[in-house]
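[1] Compute the structure for the input listed below.
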Amino acid sequence: MNAMQFLAAQPWVERLGWTLVHFLWQGVSISVLYAAARSWMARAAGPNSRYLLACLALAAMLAAPFVTWSLMRPSDLVPVAAHAAGRVPSAVPAVAITFPTLPTSVRATVSGAWPGQVLPWVVLIWLAGAIAFWVRLLGGWVVAARMRSMLVRPAPPEWQRTLGKLGARIGISRPVRLLVSALVEAPTVVGWLRPVVLVPLGALAGLPADQVEALLIHELAHIRRYDYLVNILQSVAEALLFYHPAVWWVSGHIRAERELCCDDVAAQASGSVLTYVQALAELESCRPVHAHAALAANGGSLADRIARLLGQSRPASQAHSGMGAMVSAILLVITACGLFAQPDAAPRFEVASVKLNVGGDRRGMLVRVLPGGGLVTANASLQLLMQNAYTMQAFQISGGPGWIQSEGYNIEAKGDGKAATRDQVYLKLRSLLEDRFQLKVHRETRELPVYALTVAKSGPKLPQPKEGSCFANDPNGPTPPPVRGKFPCGSVGVMGESSGARIQGGKVQMAEFVRILAMVMGRPVVDRTGFTETFDLVLAFTPDQAVAGLPRPMGASDAGSPAPAADPTGPPQIFSAIQEQLGLKLDSTKGPVEVLVIDHVERPSAN
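    Sure, this is the predicted structure:
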């Protein structure tokens, strides 16, 4: 199993994938509301109000995926794998139910295969991007930490005292250190709990004292406003939601408005707007264009900032707004396609007949896919039909009346004559159950008892495949007719015999054996053997209370009665049989199990 197959098999991937997809339209919606509010308050509101509005918009964007995740219960988008499950009572002789091979990958689907194929890639790409941005964020934090101690020296005492007086002037009571750094090109604040102001070499002596004081007040304003902390939270939002342009657009507004807020404080506290403007212009002329301190709380166009301080109006840039509108429109189209571009109706059979099995064979159960997209069942319980339609084991189906296990149904469903895989036929079966049985379900994850399959101390006793132990079978084709004593290669069958029961298969993979063993045991089985080769399988055992997945014959009056007692002269019980015959061992433990809960079901409507 490769990384993509492993990822697709995880139950949280679908939930996370849809959360990321839903944020496409959520981010656009929040940004549209933010843009409308910003436009409405543009003339009357100052930079502080606009800054607060942008922070609220970014906080809403950051909260939206978490709210979506919490509100999105494990959905009805269920994995579909090509297999047919069947069960047989222990007391019935020579009855065989076949189990076609389970594909190695598990694919999620909703009215088609698109989400199951795309969502794992969405999650994988998001994980790669998020990791890259988190590494970038961590690197910035490391660089910022080193800037406090690398190539720095304390500022002259008189400037340290001046910094303290300026801080007191604007309401800062905590101590702030002033350091001269060879690594920065402009005054920069580093740190939140123990803030430090770094100034470039020569700035304290090369600029007039009043201009230096104005620049220092600007940095102290950042400290008073806790802008360093806010900037870190911004970076976290950008790392998590990096794929949405609206996040970067709103975040850019926060950085720009932040500088305007601090400009106002510096201009007012210094007593001269012109002095502060000259300091900005002089400092900018000496700084490389690309210079930005790691995690620094800065942003905005210097030309726009200076023009604003001098009371001059500058035309707003239309390039970025136009590009943002175009990107937003594209995102809305992508989201609409992703959410609504499913088929108009779920796939259905052309004609389907559903009849209660009365007076016929009450022993075996059959579910078979036919060529041309058809399906036929004999004496199949609704629970068995759900196992096929929703790719669930019996122990994973919860709720519903007792008749879903005790009543068998004969179904003859005609396809459209076109070639169809089992996946597609079982989607039609799901629609049939929803239409005729009024079936409504949802998924949950519960902590339930499970079995762990491990290798016994004696080592595995799994023989290599032999020629003739099975017959070839197309896993995507129709179910072949059963052959007495043999099964399709890679599949596992359960047979009830007069002396007990037998699990058998040829060229079997451990995943398929574990799946069938879980069905027989009536409990999830976790593979911890590490066995990766194929093998021939023959396991004989006497059914007892442990094999909860082997019920009594259909039509019995008491579906909950215990299984018959083990025959001491027959084959070993299944725990000892697994250890003695296969060299494996079953251990009881607990783990998360996905459960399909029946919300509503009715006996089928008339044909």
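[2] quick one, strands of the stretch 51-200 of the chain?
    78-80, 95-97, 107-109, 152-154, 177-181, 188-190, 196-200 (DSSP state E, counting those that start in this stretch).
[3] Would you map the helices across the stretch 1-150 of the chain?
    Here the stretch 1-150 of the chain has its helices, by DSSP state H, counting those that start in this stretch, at 3-8, 11-40, 47-71, 114-147.
[4] just how off-centre is stretch 381-388 within its chain?
    28 Å (C-alpha atoms, centre = their mean, to the nearest Å).
[5] again, but for stretch 41-58
    With C-alpha atoms, centre = their mean, you get 34 Å for stretch 41-58.
[6] Take it, keep the C-alpha atoms, and write them as CSV.
    Extracted as CSV, the C-alpha positions of stretch 41-58 are listed here (Å, rounded to 0.1, in the frame of the first residue of the first chain):
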residue,chain,number,x,y,z
MET,A,41,-16.6,52.7,6.7
ALA,A,42,-13.7,53.9,4.5
ARG,A,43,-14.3,57.7,4.9
ALA,A,44,-15.5,57.9,8.5
ALA,A,45,-13.2,55.2,10.1
GLY,A,46,-9.5,55.6,10.9
PRO,A,47,-6.8,53.0,10.5
ASN,A,48,-7.5,51.6,14.0
SER,A,49,-11.0,50.7,13.0
ARG,A,50,-10.0,49.3,9.7
TYR,A,51,-7.3,47.3,11.4
LEU,A,52,-9.8,45.8,13.9
LEU,A,53,-12.2,45.0,11.0
ALA,A,54,-9.4,43.2,9.1
CYS,A,55,-8.4,41.2,12.2
LEU,A,56,-12.0,40.1,12.8
ALA,A,57,-12.2,39.0,9.1
LEU,A,58,-9.0,37.0,9.4
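[7] Go ahead and name everything in contact with it.
    30-31, 33-34, 37-38, 230, 234, 237, 247, 250-251, 253-254, 257-258, 260-261, 264 (C-beta atoms under 8 Å, 6 or more residues apart in numbering). For every residue, glycine as well, the C-beta is placed using N, CA and C.
[8] what do you get for stretch 526-537?
    450-455, 460, 462-466, 469, 490, 492, 503-511, 513-514, 582, 584, 589, 591.
[9] Equivalent analysis for stretch 224-237, please.
    55, 58, 61-62, 137, 140, 170-172, 189-192, 195, 222, 247, 251, 254-255, 258, 261-262, 265, 295-297.
[10] again, only this time at 6 Å
    Leu58, Leu62, Leu137, Ile170, Ile172, Val189, Trp192, Ser251, Arg258, Ala297 (C-beta atoms under 6 Å, 6 or more residues apart in numbering).
[11] Emit the ChimeraX select command for whichever of these are buried.
    Command for ChimeraX, covering only those of these found buried under the criterion 16 or more other C-beta atoms under 10 Å:
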select :58,62,137,172,189,251,258,297
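[12] Let me see the ranges of the strands in the stretch 451-600 of the chain.
    Going by DSSP E, counting those that start in this stretch, the stretch 451-600 of the chain shows strands at 492-497, 500-508, 525-527, 535-541, 584-600.
[13] Please tell me how far the last one is from the chain's geometric centre.
    Which is strand 584-600. Taking C-alpha atoms, centre = their mean, one finds strand 584-600 lying 21 Å from the centre of the chain it belongs to.
[14] same thing with the shortest one?
    Relative to its parent chain, strand 525-527 has a centroid offset of 23 Å by C-alpha atoms, centre = their mean.
[15] Please spell out which residues along that strand are buried.
    Val525, Asp527.
[16] and the strand or helix carrying Gln383, what's its mean pLDDT?
    In the assignment (DSSP states H and E), Gln383 maps to helix 382-390. Here helix 382-390 scores 91 as its mean pLDDT.
[17] Packing partners of that helix?
    Packed against helix 382-390 by the contact rule (3 or more C-beta pairs under 6 Å, 6 or more residues apart in numbering; DSSP states H and E) you find helix 403-406, helix 422-436.
[18] next structured bit after that helix?
    Assignment by DSSP H and E places the next element after helix 382-390 at strand 397-398.
[19] in the helix holding Gln383, what counts as buried?
    For helix 382-390, by 16+ other C-beta under 10 Å, it's Leu382, Gln383, Leu384, Leu385, Met386, Gln387, Asn388, Ala389, Tyr390.
[20] need those residues in TSV with distance to Glu434, can you?
    Below are the buried residues of helix 382-390 laid out as TSV (distance: C-beta to C-beta, whole Å):
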residue	distance to Glu434
Leu382	12
Gln383	16
Leu384	16
Leu385	11
Met386	11
Gln387	16
Asn388	14
Ala389	9
Tyr390	11
